[in-house]
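Participant: Whatever this is, show me its structure:
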Amino acid sequence: MRIRLLGTGTPTPSLRRMSSGYVVETGDDVVVFDHGFGAHHRLLELGIPATRVTHLFFTHLHYDHCGDYGRLLLTRWDQGANRIPDLKVYGPPPIAEITERLFGKDGVYDADLIARTSHGSSLDLFVARGGTLPRPRPAPQVQVLHPGDVVREGGWSVEATTAHHFQPYLNAHGYRLETAEGSFVYSGDSGPAESMLKLAQGCDVLVHMCHYLTGTQYSEAFSHSCMGHMELAELAHAAGVKNLVLTHITEQFDFPGLRERVVSEMSRVYGGNIFFGEDKMEIPLKGPVRDRLL
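Facilitator: A predicted model of the protein is given here:
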């Protein structure tokens, strides 16, 4: 089981932090959680081609969590040349409608897909890549998830729960991935939530939004929908999380000195391992191992 961070930023444009995205490799499966703008570029930088991705879970449908959906699915379809199964896609409603509006008849990519499945040049390339005519359109296997739903796939499972973020205008989930090796929990975007506390109980790795310095929130609505650093420390302590990864980092405290202050203050409440997330960082399932002093 290998956990890596693709994008640890926010909707704010950044060359350092791409929008939300995470990838977990378990057995023969490559499971992506969220795929915001820039996350696909990070996936390529980690040496993972789109054709290796088997499952895609969306926590919610803010653009910084789903902006690279089209790039992942179309690249995988094009490069896979009908030699790999269609991508399995999961998420809250309206993920099925969004998928149809992107890739279905008269959808956003319809003209492109008509050309690639009809023009001789594209069909010749399809055959050269190992495909067999006629060339089918992409047909992602979409499953709408609701809180409490569980997806079971061979050696792993994913449970969905409610996250607190922009309801009732958006549905938002958190997910827990269980494997024989350990557990990975991802909050998506969420403020303090009993549902996330329950989901994260005793997990090996919790990747959670850490959006602002506690005490600087500008409204009650903001503090309910996004997580401050001390509230996150309290959640991780109460849940008995072994390794905590801070992500969805804003420019408010993304500076030397402030980053260290955040970790220091959180450590007074939460005694486990804290990782200040960075794009392309790998998170060890069992925590950091001290190396020899040479």
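Participant: Strands of the stretch 101-250 of the chain, start to end?
Facilitator: Remark: strands assigned in the stretch 101-250 of the chain by DSSP state E, counting those that start in this stretch are 141-144, 150-153, 156-162, 173-179, 183-186, 205-209, 243-247.
Participant: The second one - which strands sit beside it in the sheet, and in what orientation?
Facilitator: The reference is to strand 150-153. Under the criterion DSSP bridges, strand 150-153 sits next to strand 156-162 (antiparallel) in its sheet.
Participant: quick check: angle from the strand it pairs with to strand 173-179?
Facilitator: For strand 156-162 against strand 173-179, the angle by axes from the mean of the first three to the mean of the last three C-alpha atoms, to 10 degrees is 160 degrees.
Participant: for residue 103, what are its contacts?
Facilitator: Residue 103 makes contact with 70, 73-74, 109, 113, 137-138, 140 under the criterion C-beta atoms under 8 Å, 6 or more residues apart in numbering. Quick note: C-beta positions are derived from backbone N, CA and C, even for glycine.
Participant: 7 Å instead?
Facilitator: 73, 109, 138 (C-beta atoms under 7 Å, 6 or more residues apart in numbering).
Participant: For the second one, give me the pLDDT.
Facilitator: It stands for residue 109. The predicted structure scores residue 109 at 98 on the pLDDT scale.
Participant: neighbours of it, just the number please.
Facilitator: By the measure other C-beta atoms under 10 Å, the count of residues near residue 109 is 17.
Participant: show me where the stretch 1-150 of the chain has helices.
Facilitator: For the stretch 1-150 of the chain, helices defined by DSSP state H, counting those that start in this stretch occupy the ranges 39-45, 63-66, 69-80, 95-103, 110-116, 120-128.
Participant: The last one versus helix 69-80: what angle between them?
Facilitator: Helix 120-128 runs at 70 degrees relative to helix 69-80, counting by the same axes, to 10 degrees.
Participant: picking that back up, any chance of the helices of the stretch 1-150 of the chain in a markdown table, plus distance to residue 210?
Facilitator: As requested, those are exported to a markdown table (distance: least, C-beta to C-beta, whole Å):
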| stretch | distance to residue 210 |
| --- | --- |
| helix 39-45 | 18 |
| helix 63-66 | 15 |
| helix 69-80 | 24 |
| helix 95-103 | 26 |
| helix 110-116 | 38 |
| helix 120-128 | 44 |
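Participant: Relative to residue 222, which of the ones you listed is closest?
Facilitator: helix 63-66 (16.4 Å; C-beta to C-beta).
Participant: buried residues in that closest one?
Facilitator: 64-66 (16 or more other C-beta atoms under 10 Å).
Participant: Nearest to residue 248, out of those: which one, please.
Facilitator: Nearest to residue 248 among the buried residues of helix 63-66: residue 64, at 8.8 Å, using C-beta to C-beta.
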